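Asks: pasting a predicted model and its sequence here:
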Amino acid sequence: MSSSSTASTFRPTSVWRWYDSAPVRIVALAAGLTAAPAYEAHRLLALADQDIWWRLRTGLWMLQSHAIPRTGIFSQAAARAWIDAGWGFDLLVAIAYRSFGLAGLPIFLMLLQIAAALALFQLAYLACGRFWHALILVAIAQYCIMPIQPRPGMCSLLLLAVELAILLEARRTGDERVLYCLPALFALWVNLDRQFTYGLMVLALFCLAAIVEALVRGRRSVWIDLPLPAVRLGTVGVIAAACLLATFVSPYTWRLHGLLWNSVTSSTADRYFRELHSMRFRQPRDYLLMLLAMAAFFALGRRCSRDLFLFSLLVVSTVISFRMMRDNWLVVVVAVALIGNALATGEAVKESSRNSGQLRLIALGVSAVVIISTAVLAANLPSRTSLMSAVSDTFPVAAGDYIKKNHLSGPLFNAYPWGGFLTWYLPEYPVSIDGRTDLYGDGYDAEYFRLMQAEVPLESDPSFAQAQTILLESNSPLAQALSTLADFSVAYRDRIAIVLVRNR
């Protein structure tokens, strides 16, 4: 054989495309799925979250009492009605704590992070059919939503990614059968997080697009793209109705929907809670999030797409995410789906279907690596003593020990950021306020924050007027002012907290 014929049959790509082999893909995907858990194992961010503690306390109460909370347990507002919109999530937190002790909180967050990353990868890969493009998209998405907190919103991120994958698959193939699992998805979602409403919003946009497409189908239209084949409008309507009914499959039934309406119309939350404010662009990930949203719009424009569902979905999710920092994950999930859809080619989709055997091998390998990596990370978490030391960097552990040891008199008036922690650490002292804003209401919350900002007289707040023990942040203006008054004595002080008692 001549050298020329040898050269003509030589395939450089077969040598240099080693990165497309199954072992390399397994390692890369496993690294992408475990990067955030490794960061959590090092930083222990779950222990610094304000809300995880009252959720833990509520979950433990449910395990002990075999009931769902309906009043303000653990609070001085115990007589008030309360709906725990994330009761299923709270139960999972308590189970993790029962299984692994205090280390169960970071372990639970690590598992949530892996599940969210896997759902995003599945959404991107199903859309574009390209492994490395999907993995890069997921890496960018995870950075945009950092730091990930152990909140029910993580469940919404995961379930929204699954919902979008189902809807886009139905629009791409016209296979209505994939839609039949949506009611079950919503029945699970409504018991994990109140943000199932975002899932309903996405479904409503899908239905609206289906109605418009049904009206213009068969006509010449220059302003809208029609998916081919189409999902029947009747099927979409039945599925949407079933999903709406599934959101009533909750211990609170229709009352949960009333709570959600009150939350949307709350003005106090918008004013005093920073996570509900609009993005301030003070960190690099904020700018990357903006670029990700811009890339999604560019992807639609580059393909000259006039898909009503995709365009309306991107616009609405962008508005919500940039309006509230807490919900920036919404546009991230949508952008991952839309950019992945723009990267799709016929050859890539066919190649991904042909390589189904390799994909199963990769899935098995990744599962094994992720399980082993997570077990190693969990096994190397510090002891309970060290974990409590990490907790004491954020919360008043020593001050709480002093209150318990000296049996200080109640009622207790506490700082808002510590209320949730105190429901778990000082269960014998009902808190004056904590992160359950639905329990206290706008009036109560506004009165508390006006008091802390010295906008009203001290004794005008009933919870403060009746308090015998006051636990505040040591550097807060109110704590410094109270320590100079003759009516109060400083019983304990450290760099984090100050305990004052009322002189009788």
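Replies: All right, it came through fine. Bear in mind that the values here come from a model prediction, so they are computed numbers and not experimental data. Numbering: from 1, shown residues only.
Asks: quick one: low-confidence parts of this protein?
Replies: 1-20, 217-230, 264-270, 304-305, 345-366, 369 (pLDDT under 70).
Asks: how is it divided into domains?
Replies: 20-49+83-378, 395-502 (automatic domain parsing).
Asks: possible to save those as CSV with distance to Thr385 and mean neighbour count?
Replies: Where C-beta positions appear, they are placed from N, C-alpha and C, glycine not excepted. Output for the domains of the chain, formatted as CSV (distance: least, Cβ to Cβ, whole Å; neighbours: other Cβ atoms under 10 Å):
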stretch, distance to Thr385, mean neighbour count
domain 20-49+83-378, 10, 18
domain 395-502, 11, 18
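Asks: quick one: closest of those to Leu60.
Replies: Ranking those by proximity to Leu60 (Cβ to Cβ) places domain 20-49+83-378 first, at 4.8 Å.
Asks: now the domains of the chain in TSV, with distance to Leu56?
Replies: Shown next, in TSV, are the domains of the chain (distance: least, Cβ to Cβ, whole Å):
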stretch	distance to Leu56
domain 20-49+83-378	5
domain 395-502	6
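Asks: between the ones you listed, which gets nearest to Pro69?
Replies: Across the domains of the chain, closest to Pro69 is domain 20-49+83-378 (Cβ to Cβ), at 5.1 Å.
Asks: and the closest one, how far from the chain's centre?
Replies: Put simply, domain 20-49+83-378 sits 10 Å off its chain's centre (Cα atoms, centre = their mean, to the nearest Å).
Asks: where do the strands sit along the stretch 251-400 of the chain?
Replies: With strands called from DSSP state E, counting those that start in this stretch, the stretch 251-400 of the chain shows none.
Asks: could you do the stretch 401-504 of the chain as well?
Replies: Counting by DSSP E, counting those that start in this stretch, the strands of the stretch 401-504 of the chain are 412-414, 469-473, 488-493, 497-502.
Asks: output those as CSV; include the columns distance to Val331.
Replies: Compiled in CSV, the strands of the stretch 401-504 of the chain are given as follows (distance: least, Cβ to Cβ, whole Å):
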stretch, distance to Val331
strand 412-414, 36
strand 469-473, 34
strand 488-493, 44
strand 497-502, 38
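Asks: quick one: closest of those strands to Ala117.
Replies: Here strand 469-473 is closest among these (Cβ to Cβ), at 35.1 Å.
Asks: and the closest one, how far from the chain's centre?
Replies: 31 Å.
Asks: now stretch 77-89
Replies: Centre to centre, stretch against its chain (Cα atoms, centre = their mean), the figure for stretch 77-89 is 19 Å.
Asks: which other residues reach it?
Replies: Stretch 77-89 is contacted from outside by 55, 58, 62, 68-73, 90, 152, 155, 188, 191-194, 251-252, 255-256, 259-260, 430, 436, 438-441, 444, using Cβ atoms under 8 Å, 6 or more residues apart in numbering.
Asks: what about the helices in the stretch 1-150 of the chain?
Replies: 3-9, 12-16, 22-43, 51-65, 87-100, 104-128, 131-144 (DSSP state H, counting those that start in this stretch).
Asks: who are the packing partners of the last one?
Replies: Spelled out, it's helix 131-144. helix 22-43, helix 104-128, helix 284-302, helix 329-343 (3 or more Cβ pairs under 8 Å, 6 or more residues apart in numbering; DSSP states H and E).
Asks: hmm, who's touching the third one?
Replies: So the one you mean is helix 284-302. 140-141, 143-144, 146, 279-281, 307, 310-311, 314, 318, 321-322, 328, 331-332, 334-335, 338-339, 341-343.
Asks: ok, back up a step: out of the helices of the stretch 1-150 of the chain, flag the one nearest Leu205.
Replies: Comparing the helices of the stretch 1-150 of the chain under Cβ to Cβ, the one sitting nearest is helix 104-128, at 16.7 Å.
Asks: how big is the angle separating that closest one from helix 51-65?
Replies: Taking axes from the mean of the first three to the mean of the last three Cα atoms, to 10 degrees, one finds that helix 104-128 is oriented at 110 degrees with respect to helix 51-65.
Asks: and stretch 183-198, end to end?
Replies: 15 Å (Cα to Cα, to the nearest Å).
Asks: switch to numbering from 348
Replies: Yep, numbering from 348; the last one is stretch 530-545 now.
Asks: identify all contacting residues around that stretch.
Replies: 432-436, 499-500, 502-503, 506-507, 509-510, 513, 546-547, 586, 589-590, 592-598, 603, 606-607, 610, 667, 674, 677.
Asks: let's go with 7 Å and repeat that
Replies: 432-436, 499-500, 502-503, 506-507, 509-510, 546, 589-590, 593-594, 596-597, 607, 677 (Cβ atoms under 7 Å, 6 or more residues apart in numbering).
Asks: what do you get for stretch 492-509?
Replies: If you take Cβ under 7 Å, 6+ apart as the criterion, stretch 492-509 is touched by 383, 392-393, 396, 398-399, 433, 436, 452, 455-456, 459-460, 462-463, 466-467, 470, 532, 536, 539-540, 542-543, 545-546, 549, 632, 675-676, 679-680.
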